[in-house]
Structure formats: structure tokens, C-alpha cells
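In: Build me a model from this:
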Amino acid sequence: MTGMRVTSDALAAFAVFADHLNMTRAARQLHISQPSLHSKLATLSRELGRPLYERAGNQLQLTPDGQLVARFAREHQERLQVFLDELRGVPTNRPLVLASAHTAYLYLLGGTIRRMLAERPGSVRPLHTNRQQMHAAVRTGRAHLGVFTLHVPPADLIATPIAAYPQVLIMPHDHALAHRPDLRLRDLTGTELIVPPATRPHRVNLERALQEAGADWTVAVEAEGLPMTLDFAALGVGLAIVAGCVQPAPGLVTRPVTDLPHVTFYAIHRPGALTDPRLADLLDRIRADIPATAKPDSRQSAPGGHSA
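Out: Numbering: from 1, shown residues only. All right, here's what the predicted structure looks like:
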């Protein structure tokens with residue numbers, strides 16, 4: 001490694017590439033040619049003595065070393081920008097990037113984001129991701145904080161439970177099950193359910209639980225994501241099981257399914273990230289906005305199959 005020459009320009013280029021994982025889009029953002037970008041990345045990889053990305057089928061993905069370099073590159077850029085802002089005597093305007101998905105944005109984070117943007121426009125930037133993308137964004141520094149449901153908390157990140165909700169059945173107000181205060185899985189025998197595609201964690205967990213409960217059910221339709229699930233429920237296509245924070249549309253009601261585990265949402269960040277007072281303040285705000293009834297309880301089962 002003696003004589004290594006890693007330039008800020010190469011790190012900045014790699015950070016942009018890591019955002020896109022696409023040579024064409026990254027080169028366009030950097031206003032350079034694809035061969036020039038490829039040369040910068042190859043030189044950086046050679047200087048570090050590590051492969052930084054690899055091809056997986058038709059897509060590019062960062063190697064574990066590439067994730068570390070991407071994180072360092074973004075942190076380097078942030079530190080440089082803070083220094084330049086301080087030198088010029090201007091306040092930093094770097095936004096905090098928050099990675100999450102439909103349910104959390106709609107029902108957990110919306111109020112916090114609105115107030116922060118009203119107080120200081122541009123202070124927070126939402127990044128819409130699935131669970132895997134959220135992990136990658138936090139690991140590589142693309143996002144400062146993730147909010148998601150988890151099956152197994154990642155060993156290399158800090159995951160703190162911030163909210164827990166029962167799983168509920170959403171249905172028309174005049175459905176035969178709507179008159180009950182709560183339900184058990186066996187009560188769903190004979191129903192048609194709106195479910196995610198077969199490989200999604202919520203679908204896998206739900207099918208297993210229904211089978212163990214001896215409930216005979218059928219698929220009404222497969223729906224990708226919460227908005228489509230709620231749209232199909234509103235159309236009367238079938239019933240759906242969602243996190244208890246979801247607010248039903250007019251004409252629909254929810255009832256808790258008592259023998260399903262609670263869905264727990266976690267705040268996920270890199271070790272040491274809360275030394276940034278802005279991020280610590282964001283997490284405190286999110287926690288303060290969680291209703292008291294949804295505060296995590298150690299007696300509740302944390303893993304949940306829903307997308308956050």
C-alpha cells in the first residue's frame with residue numbers, strides 16, 4: 001500500500017457511482033464520459049488493492065469493501081463540505097437522508113418530516129426503499145437513518161425498536177367478521193385474502209401461521225406494496241392483513257388478529273452515527289411522535305413480515 005494515491009476526485013466519483021450502480025447514469029451526473037468514469041473507478045480499485053463492485057446477472061453491486069469505500073467517500077464529502085461552510089461562515093445545508101417505505105412514511109414519519117421541512121426547508125430528504133435497499137443505503141452512507149420492520153437485526157448496524165403494532169385484518173364495515181372486537185387466525189377460514197407475491201416475507205410468514213392454525217383460505221389477488229393492497233381492499237376484492245398503524249379508507253374497518261405477532265419498527269443507523277446532533281435530534285423527534293400505545297414492549301414479538 002506504500003505510495004497509495006487515492007484522490008478526492010476518485011472518491012467523489014465512486015460515491016456517485018454507488019448511488020446509481022449504473023455507469024451511464026453516474027457518468028451523466030458527473031458530466032464525464034463512461035470510459036473516463038470507468039478509468040477513475042479502476043484506478044481507485046487498483047490503488048486500494050480491492051475489487052469495489054461486481055456484476056450479479058445484469059446488475060452491478062458493491063462488494064463488502066466497496067460498501068466501506070462508498071461510506072468513507074460520502075463521509076469525506078460531508079466533512080469537507082462542513083469545513084468549507086464553516087470557513088465561509090455559512091450554515092451547513094446538508095440534508096439528513098431517511099430511508100424507509102410506504103407504511104412508515106404514511107403512518108409513522110409523515111408528521112415529523114412535515115414539521116422539520118416547515119422549520120428548515122431541505123433539512124431532511126426521504127429515500128423510498130425496500131428493506132434490502134435500506135440496509136445498503138445505511139451501510140454505504142447514502143442514508144443517515146433507516147426505519148423499517150426487521151426479521152433479524154443486522155449485526156453491523158444499530159437497530160433500536162421505536163414502535164410496535166398488532167397485525168390487523170382490514171375489511172368492509174359490513175363484513176361478517178367486522179362485528180367482532182378481535183379475531184384469531186382460524187376465524188379466517190373460507191376468506192379470500194389480498195397477499196404479497198409468494199416470495200415476500202409477509203406472505204411466507206402469513207401462510208405458515210394460517211397453516212398452523214388450520215385456516216383454509218384462498219388468494220384473492222397478489223398485490224405489491226401497501227397502496228395497491230389498500231386499493232384492492234377498498235374495491236372489495238378481498239381482505240388483507242396489515243400493520244395496526246394503517247388507517248382504513250372510508251367503508252373499511254380493522255380488527256386485531258390476536259395470534260399473530262406484533263409488527264415492530266426499528267430505527268437503523270451506523271455505529272457512532274448519533275454523534276451528529278442533527279441525526280440524534282431527528283431520532284428523538286420520531287420517537288416523540290410515536291403514540292404511547294405503540295411504544296415497543298419487550299413482551300411483544302419483534303420480527304414482522306410487513307414492508308415498512
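In: can we go C-alpha only for contacts and neighbour counts from here?
Out: Noted.
In: What ranges does the chain have for its helices?
Out: 8-20, 23-30, 34-48, 64-88, 102-104, 110-119, 131-140, 201-213, 226-235, 277-289 (DSSP state H).
In: Tell me the predicted confidence for residue 288.
Out: On pLDDT, residue 288 comes in at 94.
In: For burial, what's the neighbour tally of it?
Out: For residue 288, the count of nearby residues is 13 (other C-alpha atoms under 10 Å).
In: quick one, what contacts the most centrally placed residue in the chain?
Out: Geometric centre of the chain, nearest residue: residue 100, 3.0 Å, by C-alpha atoms, centre = their mean. Residues in contact with residue 100 (C-alpha atoms under 8 Å, 6 or more residues apart in numbering) are 126, 127, 128, 129, 130, 131, 134, 146, 147, 148, 308.
In: Could you list everything the nearest residue to the second one once chain neighbours are set aside pairs with in the sheet?
Out: Nearest in space to residue 127, with sequence neighbours left out and distances taken as C-alpha to C-alpha, 6 or more residues apart in numbering, is residue 99 at 4.6 Å. According to DSSP bridges, residue 127, residue 146 are recorded as the beta-bridge partners of residue 99.
In: Would you check how far apart residue 99 and residue 167 are?
Out: 23 Å (C-alpha to C-alpha, to the nearest Å).
In: Check residue 72 too.
Out: 39 Å.
In: Just want to know which of the two has more residues nearby.
Out: Using other C-alpha under 10 Å as the criterion, residue 72 and residue 167 rank with residue 167 on top: 24 against 16.
In: That one pairs with what?
Out: The residues that residue 167 bridges to, once DSSP bridges is applied, are residue 243.
In: Could you do the one 4 residues further on as well?
Out: Residue 171 has the following beta-bridge partners by DSSP bridges: residue 253.
In: neighbours around residue 39, how many?
Out: Every residue meeting other C-alpha under 10 Å relative to residue 39 is counted, giving 13.
In: Now do it, the pLDDT please.
Out: pLDDT, residue 39: 89.
In: and if you look at residue 302?
Out: Predicted confidence (pLDDT) for residue 302: 40.
In: close enough to count as contact, residue 271 and residue 155?
Out: No. Checked against C-alpha atoms under 8 Å, the pair residue 271 and residue 155 is beyond contact range at 10.5 Å.
In: the more surrounded of the two?
Out: Remark: of residue 271 and residue 155, residue 271 carries more neighbours, 12 against 7, as counted by other C-alpha under 10 Å.
In: where in the stretch 151-300 of the chain is pLDDT low?
Out: Counting by pLDDT under 70, the stretch 151-300 of the chain shows low-confidence ranges at 297-300.
In: Go again with 50.
Out: Counting by pLDDT under 50, the low-confidence segments of the stretch 151-300 of the chain come to 298-300.
In: For residue 274, list the residues it contacts.
Out: residue 280.
In: Would you mind measuring from it to residue 236?
Out: On the measure of C-alpha to C-alpha, residue 274 and residue 236 end up 45 Å apart.
In: likewise residue 165?
Out: 24 Å.
In: who has more neighbours, these two?
Out: residue 165 (23 against 13).
In: Run through the residues that contact the more buried one.
Out: 243, 244, 245, 262, 263, 264, 294.
In: are any of these buried, and which?
Out: Among the contacts of residue 165, the ones that count as buried by 16 or more other C-alpha atoms under 10 Å are 243, 244, 245, 262, 263, 264.
In: ok, so of those, who is nearest residue 176?
Out: Nearest to residue 176 out of the buried ones among the contacts of residue 165 is residue 244 (C-alpha to C-alpha; 19.9 Å).
In: what about the nearest residue to residue 191 once chain neighbours are set aside, how many residues close to it?
Out: Excluding its sequence neighbours, the residue lying closest to residue 191 (C-alpha to C-alpha, 6+ apart) is residue 217, at 5.3 Å. When neighbours are counted by other C-alpha under 10 Å, residue 217 registers 16.
In: re the thing from before, distance of the residue nearest to residue 127 from residue 214?
Out: For residue 99, the distance to residue 214 - C-alpha to C-alpha - is 38 Å.
In: now swap in residue 277 and tell me
Out: 51 Å.
In: try residue 66
Out: 47 Å.
In: Looking at those two now, which is surrounded by more residues?
Out: residue 66 (21 against 14).
In: what sits against the more buried one?
Out: Contacts of residue 66 by C-alpha under 8 Å, 6+ apart are 51, 52, 53.
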